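**Q** no sequence for this one, just the structure:
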Ligand code: IPD
Ligand code: CA
Ligand code: CA
Ligand code: CA
């Protein structure tokens, strides 16, 4: 597998898909709900996933695809090359705001993240990484993350954290919200991972994410020295939904041990 050739191919495919999404703003978008009334999907989410699948099947036969909308393969193991794709991460933002969403893609070989992409479609900003080659924001190399502290950190989290929930002890997370400099909630896990990698936020924590939400971003975050895990501190399992955290290495362990007590 020639990673650099694949990298060029993927960048061009992502830009083409982004162009298709921007064009869709001019027409009618069909919106449906999935698991519940606030879980949205559109014809564009599906079309973009299908565009990737057609191209991958033609140009990379033998590779498998794990996509959110289910048009890819039935993935039960991580053998071989798997493209983990979220065609639109932040569908609610796509529908309501026409911004703050991304295409998210991670390429894994035998379970190891080799390539990662997060494309902020409206701003035409591509965050990308090849394992071992550093992470980039467009053509700019991202610096390694600098040491920070909890009191100087901005943490990405959604409003679930402010309500008692079944995943984590409420008292300790309220303490985290009080102790950090600020919290942010962008509504796209992929973009929040891109922001951790570029140092705009220092950690991103979520009670439940799927493999395609984190596959691309994890590769990028690790290239700048960031750490990724579930709330038990274990490496993410890309076959299941789980808790997830990506953070600057100087606060990752501290958030886990002092603030997030899984129930
Ligand atoms: C969602 C977004 C959101 C996160 C949800 C995800 P989708 O992805 O990343 O920020 O909180 O858990 O499901 O459904 O818009 O691709
Ligand atoms: Ca979705
Ligand atoms: Ca998603
Ligand atoms: Ca999605």
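**A** Nice, I can see it. Small disclaimer: the values here were computed from a predicted structure and weren't measured. Numbers count the residues shown, from 1 in each chain. Ligands and ions are numbered 1, 2, ... in the order given.

**Q** and the residue of the stretch 51-200 of the chain found nearest ligand 3, bridged to which residues?
**A** Nearest to ligand 3 in the stretch 51-200 of the chain, going by CB to the ion, is residue 89, at a distance of 3.9 Å. Quick note: C-beta positions are derived from backbone N, CA and C, even for glycine. Beta-bridge pairing for residue 89 (DSSP bridges): residue 102.

**Q** which residues of the stretch 101-250 of the chain lie near ligand 1?
**A** 158, 187-189, 206, 209, 213 (CB under 6 Å from any ligand atom).

**Q** in strands only, show me those.
**A** If you go by DSSP state E, those have 206, 209 in strands.

**Q** reformat the residues of the stretch 101-250 of the chain next to ligand 1 as CSV; add pLDDT and neighbour count.
**A** Output for these, formatted as CSV (pLDDT from 0 to 100; neighbours: other CB atoms under 10 Å):
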residue, pLDDT, neighbour count
158, 92, 17
187, 98, 17
188, 98, 26
189, 98, 26
206, 96, 22
209, 97, 21
213, 98, 25
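
**Q** tell me which element residue 77 falls in.
**A** Using DSSP states H and E, residue 77 sits within no helix or strand.

**Q** and which of the residues of the stretch 101-250 of the chain next to ligand 1 is nearest to ligand 1?
**A** residue 189 (3.4 Å; CB to the nearest ligand atom).

**Q** give the full set of residues in contact with that closest one.
**A** Residue 189 makes contact with 89-90, 104, 204, 206, 209, 213-214, 217, 244, according to CB atoms under 8 Å, 6 or more residues apart in numbering.

**Q** related to what we said a few turns ago, what's the closest of the residues of the stretch 101-250 of the chain next to ligand 1 to residue 174?
**A** residue 158 (14.8 Å; CB to CB).

**Q** I'd say the closest one and residue 208 touch.
**A** No. If you go by CB atoms under 8 Å, residue 158 and residue 208 don't touch, sitting 10.3 Å apart.

**Q** and the stretch 51-200 of the chain, which of its residues are near ligand 4?
**A** 68, 86, 88 (CB under 5 Å from the ion).

**Q** per-residue confidence for the residue of the stretch 151-263 of the chain found nearest ligand 4?
**A** Using CB to the ion, the single residue of the stretch 151-263 of the chain nearest to ligand 4 is residue 212, 7.1 Å away. In the prediction, the pLDDT value recorded for residue 212 is 98.

**Q** give me the number of residues near the residue of the stretch 51-200 of the chain closest to ligand 3?
**A** 31 (other CB atoms under 10 Å).

**Q** same question, the one 10 residues further on
**A** Counted by other CB under 10 Å, the residues lying close to residue 99 total 13.

**Q** grab the nearest non-local neighbour of it.
**A** residue 122 (4.5 Å; CB to CB, 6 or more residues apart in numbering).

**Q** my guess is that neighbour contacts residue 24. True?
**A** No. Judged on CB under 8 Å, residue 122 makes no contact with residue 24 at a distance of 11.8 Å.
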